[in-house]
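Asker: Please find the sequence and the predicted model below.
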Amino acid sequence: MSLEHHRHKKQFGQHFLRDRSVVERIVLAVAPEPGNHVVEIGPGAGALTFPMLARHGALTAIEFDRDLVEPLAAAARSHGQLEIIRADVLTVDLTELAGGGQLRMIGNLPYNISSPILFHCLAHAACIRDMHFMLQKEVVDRMAAGPGSKVYGRLSVMLQAFARVTPLFEVPPDAFDPPPKVDSAVVRLVPLPEESIDIADRRLFARVVQDAFGQRRKTLRNALGRLCDATAIEAAGLVPGARAEQVAVEDFIALANHLANSGAVLAPSP
């Protein structure tokens, strides 16, 4: 079966990019250099794969749909060297794939599992130089939002604590086949240097953020009631009566570090 005759599978969230101008903008944004190990998540019909191969000469692709593997491999032979890993990206050990080097991740991420993929990549951030992903525009807005924004939330804090998030440009539905019902956007994530991430206990930090945003209308005093009391919140430099969407990333880190260092956590993780 050729790529042209591949039937899009709804269960995989397949919306294949077809607008060449958008592809060119992504390739220019990535700007691959000699020696880079570029890894594409979900190459689909190869709209980004083949131009990237033509520009860079080599590419590793992670594709879950077994029906796409052979057609992609056959079509790639005239473009460059393509290594295809047939797997769910969430099961791929990116650190092992990097082999001691650094990866440059790219891809049009499936809308239905974009957040898990982002967190999976960040779990391997030490071996990733940067990421250029296409996602739903509303997801990109949430990723880059700051305190006080209506869309600032758990995703914003958890990503910005570990990476620099930069929205690049928007992409309309008609750039895809089939067109999705939402606008998309391309975003760049650059993992922060490990030595600059001052988080004492990452699991505790994640729980503080999760609990704080669990019920957005609640104040920190009430939302974090299972973790700490108002005295601990104040000791970390925060206002117990504030709501999570008003709290900056660095303040969440300060609170989690205070709890970790003082032993002030009231209840164990569930």
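Answerer: Looks like it came in fine.
Asker: Report the separation between the two terminal residues of stretch 124-140.
Answerer: From its first residue to its last, stretch 124-140 covers 20 Å (C-alpha to C-alpha, to the nearest Å).
Asker: Any idea how far that stretch is from the middle of the chain?
Answerer: With C-alpha atoms, centre = their mean, to the nearest Å as the basis, stretch 124-140 stands 4 Å off its chain's centre.
Asker: Surely T166 is within a helix?
Answerer: No: read with DSSP: H, G, I helix; E, B strand; the rest coil, T166 is strand and lies in no helix.
Asker: How many neighbouring residues does it have?
Answerer: The tally of other residues near T166 (other C-beta atoms under 10 Å) stands at 16. Glycine gets a C-beta too; all of them are placed from N, C-alpha and C.
Asker: And the pLDDT for it?
Answerer: At T166, the pLDDT value in this model is 98.
Asker: hang on, F50 packs against A74?
Answerer: No: contact criterion C-beta atoms under 8 Å: F50 and A74 do not qualify, at 11.9 Å.
Asker: Which one of these two is surrounded by more residues?
Answerer: Neighbours were counted for F50 and for A74 using other C-beta under 10 Å; F50 has more, 21 against 11.
Asker: What separation is there between the more buried one and A76?
Answerer: Look at F50 and A76: by C-beta to C-beta, to the nearest Å, they are 7 Å apart.
Asker: List the buried residues for the host helix or strand of M52?
Answerer: Secondary-structure element containing M52, defined by DSSP states H and E: helix 49-56. For helix 49-56, a neighbour-count test (16 or more other C-beta atoms under 10 Å) marks 49-53, 55-56 as buried.
Asker: what mean pLDDT does it have?
Answerer: Averaging pLDDT along helix 49-56 gives 96.
Asker: Does anything pack onto that helix? Which helices or strands?
Answerer: Applying 3 or more C-beta pairs under 8 Å, 6 or more residues apart in numbering; DSSP states H and E, one finds that helix 49-56 contacts helix 20-30, strand 37-41, strand 58-63, helix 66-76, strand 81-86.
Asker: switch the cut-off to 7 Å
Answerer: Contacts defined by 3 or more C-beta pairs under 7 Å, 6 or more residues apart in numbering; DSSP states H and E place helix 49-56 against helix 20-30, strand 37-41, strand 58-63, helix 66-76.
Asker: Compute the inter-axis angle for it and strand 81-86.
Answerer: Here the directions of helix 49-56 and strand 81-86 differ by 140 degrees (axes from the mean of the first three to the mean of the last three C-alpha atoms, to 10 degrees).
Asker: What segments of this protein are helices?
Answerer: 20-30, 49-56, 66-76, 94-98, 114-123, 137-144, 154-160, 202-214, 220-223, 230-235, 249-262 (DSSP state H).
Asker: send the alpha carbons of the fourth one over as PDB?
Answerer: Yep, that's helix 94-98 we're talking about. Provided in PDB are the C-alpha atoms of helix 94-98 (Å, rounded to 0.1, in the frame of the first residue of the first chain):
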ATOM      1  CA  LEU A  94      14.800   8.400  24.400                       C
ATOM      2  CA  THR A  95      17.900   8.500  26.600                       C
ATOM      3  CA  GLU A  96      18.900   5.100  25.200                       C
ATOM      4  CA  LEU A  97      18.100   6.300  21.700                       C
ATOM      5  CA  ALA A  98      20.300   9.300  22.200                       C
END
